[in-house]
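> Test case, fold it:
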Amino acid sequence: MPASDGVVRMYTCGPTVYSYAHIGNLRAYTFADTLRRALLWKGWQVEHVINITDVGHAVAEAELGEDKLEVAAARERRTVEEIAELYTEAFFADLAALNILPAQHYPRATQYVDEMIAFAERLVERGFTYEIESGLYFDTSKDPGYGRLGLIDVSGQLEGARVEEVPGRRAKTDFALWRAEAPGQLRAMRWNSPWGWGAPGWHLECSVMSMLLLGEHFDMHTGGVDHRQLHHVNEIAQSEAYLGDGQPWVKFWLHNEFLQLGAAKISKSAGHLLTVSDLAKQGFHPLAYRLFLLGGHYRAQLEFTTGGLDSAQTTLRRLIRRTSALGRLPVVTTASEARAIAGDDTAALGVIDELDEAISADLNTPRVLALLQESLRDPALSEQGQRAVVAASSAVLGLPFGELEPVAADGPELDEAAVEKLVADREAARSARDWARADALRAELTELGVQVTDTADGPTWTRLG
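The predicted structure is shown next:
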């Protein structure tokens, strides 16, 4: 149960803003948004924090080496501040496209470095750290419960290769609280500290910002399943060492599973960088991707395919057509509001009860989608009852049916000038008998939802569907 004020306090690990968020990243925020909507549905208020990591995250989650933003700045010939601003704004645009409720707080790591230093100093005072040439490290041997969230076998991991070798580090589970500059190195992002010039460790920021904004103990912490055995266990270790009160730092931890592309998870490191913007360019509405995610359970790995997304878009179109026929739709947030709209329609009230049961059963969104589709075909529901069910479904799924026109699910408007150029380039390739390039350009046009027809008077094009 949350605190006595009826507010659920929730922290979600946010993006490292060195590149565009890919669709796998965005599964975590769609899941957290669904959780938040479910809590609102049950009548709780929610205070939500999503951090912005704009310093401290080394390449490959290593303890040593360059910061991801510094690498991106050098690659793109921008300042680190420009990189952070560019990709933070792109992240916010993605959240808006997916109809994800804005968090109350989006703290940026660079704004809290002094507080991180103070946090680390307390850990030093409490005897949980040691200093080596590369910085200040947390001594995981001082935490008998280290790794319990991730079910980590610490004794076996000590001989493993979870992270790179760090000279002087006592155990491979020990992690950096402060990453000191190497001799002769001058970082683009640097602060002075009791352990020399350098930058905070990646794990430190989430503990500091969450406690400052939500309180020393709070209710829920979410993130991708890849955080469960590294980032989150380190957050717990340093936070509980800092507090020293013998209590669990956070009550509930929830993790979404990976989005898979073939046999591999979608990730930047694997090269599978596909964005919401890319999907839109291929003719997919962003909310079709949200519906695709909701069609699977958040704790189950989900295979991403174009066919699966196309099916989700077809479902979205069908739902928008059917719900738009109901006229003006009410907007609700809570179960009690939805029941009030249903009035004395017992069939609709029964569906809303089933929906409540489904979303309460560990966010069973596939069942909610099924209930919505069944109710739109059920003659036992009155038109007002159907409106109530649609409003309830919108509340928990985050699909704003009442705000979408039927055409909205057909994808964005085409950039006709860009299409004309691709068609002209293809015609030039055909004239030069460069058939491989002509075929590649046709495939690109098809991905944009454009069909090209060759005629005696030259090529013509139309939008598919």
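> for this protein, which spans come out with low pLDDT?
Under the criterion pLDDT under 70, the flagged ranges of the chain are 1-4, 60, 153-163, 263-272, 406-415, 447, 455-457, 462-465.
> Show me the strands in it, by range?
7-12, 45-50, 129-132, 135-138, 175-180, 198-200, 218-224, 250-256, 259-261, 264-265, 302-303, 450-455, 458-463 (DSSP state E).
> need the ones you listed in TSV with mean neighbour count and distance to residue 295, can you?
In this view, the C-beta of every residue, glycine as well, is placed from N, C-alpha and C. Formatted as TSV, the strands of the chain follow (neighbours: other C-beta atoms under 10 Å; distance: least, C-beta to C-beta, whole Å):
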stretch	mean neighbour count	distance to residue 295
strand 7-12	24	22
strand 45-50	20	24
strand 129-132	17	46
strand 135-138	25	40
strand 175-180	25	37
strand 198-200	26	39
strand 218-224	23	19
strand 250-256	19	14
strand 259-261	20	12
strand 264-265	14	18
strand 302-303	16	8
strand 450-455	13	27
strand 458-463	13	26
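> Can you say which of those strands is nearest to residue 394?
Among the strands of the chain, strand 45-50 comes nearest to residue 394, with 17.4 Å by C-beta to C-beta.
> contacts for that closest one?
Residues outside strand 45-50 that contact it (C-beta atoms under 8 Å, 6 or more residues apart in numbering): 6-14, 29, 32, 36, 39-40, 101, 103-107, 209-210, 213-214.
> Residue 186 and residue 199: what is the separation?
Using C-beta to C-beta, to the nearest Å, we find residue 186 at a distance of 12 Å from residue 199.
> so what's the closest residue to residue 201 other than its chain neighbours up against?
Nearest residue to residue 201 in three dimensions, chain neighbours excluded: residue 176, at 3.9 Å (C-beta to C-beta, 6 or more residues apart in numbering). Shown in contact with residue 176 (C-beta under 8 Å, 6+ apart): 63, 134, 135, 136, 137, 138, 201.
> Number of residues surrounding the first one?
Meaning residue 63. 20 (other C-beta atoms under 10 Å).
> so what's the backbone phi/psi at it?
phi -80, psi -30 (degrees, to the nearest 10).
> Show me the beta-bridge partners of the closest residue to it other than its chain neighbours.
Sequence neighbours aside, residue 176 is the residue nearest to residue 63 in space, at 4.7 Å (criterion: C-beta to C-beta, 6+ apart). Judged by DSSP bridges, the bridge partners of residue 176 are residue 137.
> For residue 238, see how far away residue 176 is.
From residue 176 to residue 238 the distance is 11 Å (C-beta to C-beta).
> Spell out which residues are contacts of both of the two.
Going by C-beta under 8 Å, 6+ apart, residues that sit against residue 176 and also against residue 238 are residue 138.
> can I assume residue 237 is in contact with residue 140?
Yes. Look at residue 237 against residue 140 with C-beta atoms under 8 Å: they come within range, at 6.2 Å.
> which of those two has more neighbours?
In terms of neighbours (other C-beta under 10 Å), residue 237 is the more surrounded of residue 237 and residue 140; the figures are 28 against 25.
> and the residue nearest to the more buried one when sequence neighbours are not counted, how many neighbours?
For residue 237, ignoring the flanking residues on the chain, the nearest one in space by C-beta to C-beta, 6+ apart is residue 143 at 4.8 Å. Neighbour count of residue 143, defined by other C-beta under 10 Å: 20.
> residues contacting residue 143?
Residue 143 makes contact with 128, 237, 240, 241, according to C-beta under 8 Å, 6+ apart.
> For residue 122, give its distance to residue 207.
Applying C-beta to C-beta, the value for residue 122 to residue 207 is 11 Å.
> who has more neighbours, those two?
Using other C-beta under 10 Å, the more surrounded residue of residue 122 and residue 207 is residue 207, with 24 against 14.
> Just to check, that one is in contact with residue 240?
No. Counting by C-beta under 8 Å, residue 207 sits too far from residue 240 to count as a contact (9.6 Å).
> picking up where we left off before, which of the contacts of residue 176 sit farthest apart?
Going by C-beta to C-beta, the pair spanning the contacts of residue 176 furthest: 134 and 138, at 13.3 Å.
> how many other residues sit next to residue 334?
Per other C-beta under 10 Å, the neighbour tally for residue 334 reads 15.
> Report the contact partners of the spatially closest residue to it that is not a sequence neighbour.
Of all residues not flanking residue 334 in the chain, residue 43 sits nearest, at 5.5 Å (C-beta to C-beta, 6+ apart). Each residue near residue 43 by C-beta under 8 Å, 6+ apart is listed here: 334, 335, 336.
> Quick check: residue 43 vs residue 335, distance?
7 Å.
> and residue 276, what is it in contact with?
By C-beta under 8 Å, 6+ apart, the contact list for residue 276 reads 21, 23, 26, 94, 97, 98, 286, 289.
> same deal with residue 58?
Here residue 58 is in contact with 64, 65, 66, 67, 68, 179, 202 (criterion: C-beta under 8 Å, 6+ apart).
> can you do 6 Å?
residue 65 (C-beta atoms under 6 Å, 6 or more residues apart in numbering).
> what do you get for the one 3 residues further on?
Contacts for residue 61 were tallied using C-beta under 6 Å, 6+ apart; there are none.
> Export the strands of the chain to JSON lines and append columns for distance to residue 165.
Formatted as JSON lines, those follow (distance: least, C-beta to C-beta, whole Å):
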{"stretch": "strand 7-12", "distance to residue 165": "32"}
{"stretch": "strand 45-50", "distance to residue 165": "34"}
{"stretch": "strand 129-132", "distance to residue 165": "12"}
{"stretch": "strand 135-138", "distance to residue 165": "14"}
{"stretch": "strand 175-180", "distance to residue 165": "14"}
{"stretch": "strand 198-200", "distance to residue 165": "19"}
{"stretch": "strand 218-224", "distance to residue 165": "26"}
{"stretch": "strand 250-256", "distance to residue 165": "29"}
{"stretch": "strand 259-261", "distance to residue 165": "31"}
{"stretch": "strand 264-265", "distance to residue 165": "26"}
{"stretch": "strand 302-303", "distance to residue 165": "35"}
{"stretch": "strand 450-455", "distance to residue 165": "52"}
{"stretch": "strand 458-463", "distance to residue 165": "56"}
